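J.: Curious how this folds, go ahead:
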Amino acid sequence: MKRMILAAAVLCALPMMAMADDDEAAEGAEMGLAGLLSATNRAELPPLTLSAGQPIAAAPLKLKSGTYYTLEIEADGSQELALEGSGFFRAIWVNEVVIEGIEVRPLGIDSIEFDEAGSAEMSFIAIKPGSYFLKVPGSTGDSQQVEIVIE
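T.: The predicted structure follows:
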């Protein structure tokens, strides 16, 4: 009977020992207690600019899956403009969109439209690898879209 109790105690302790090894491995990954939302996992992207006849971005954006990003979108008010990209918005988890100090935590986004000059800041985690676009609706020019690649 004592042997069975001792064997049961050892079997119960094995998962705890494995978890201790996982904790040590996680420390080596340098990610804080907040995991994906920790400060060591954050990156800022160059701002996107909405202006009549001007390119949205200087170059395509390359993102890494699992990284927390902040993206500033600025509109100069020269024209009512929007950015759409349902494929991209479905490939990320949006933490929040901040517009004039108001934080919005949406379940999903299809597009962001500016009726006048202003800015919006979006924070998100890139999830699904692939090639996506954000573009001005109805436009056909390459400068009116930005390619976003999630690796």
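J.: and W93, bridged to which residues?
T.: I125 (DSSP bridges).
J.: residues touching it, list them.
T.: Residues near W93 by C-beta atoms under 8 Å, 6 or more residues apart in numbering: F124, I125, I127. For every residue, glycine as well, the C-beta is placed using N, CA and C.
J.: Serialize those to CSV and add fields for pLDDT, neighbour count and distance to S78.
T.: Formatted as CSV, those follow (pLDDT from 0 to 100; neighbours: other C-beta atoms under 10 Å; distance: C-beta to C-beta, whole Å):
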residue, pLDDT, neighbour count, distance to S78
F124, 97, 22, 27
I125, 96, 18, 32
I127, 96, 14, 33
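J.: between the residues you listed, which is closest to I102?
T.: Looking at the contacts of W93 and their distance to I102, the nearest is F124, at 17.3 Å (C-beta to C-beta).
J.: mind checking how far the closest one is from D110?
T.: As defined by C-beta to C-beta, to the nearest Å, F124 lies at a distance of 14 Å from D110.
J.: And for E44?
T.: 24 Å.
J.: And E80, by the same measure?
T.: Relative to D110, and taking C-beta to C-beta, E80 is found at 17 Å.
J.: and of the contacts of W93, the nearest to V98?
T.: Nearest member of the contacts of W93 to V98, counting by C-beta to C-beta, is F124, at 12.0 Å.
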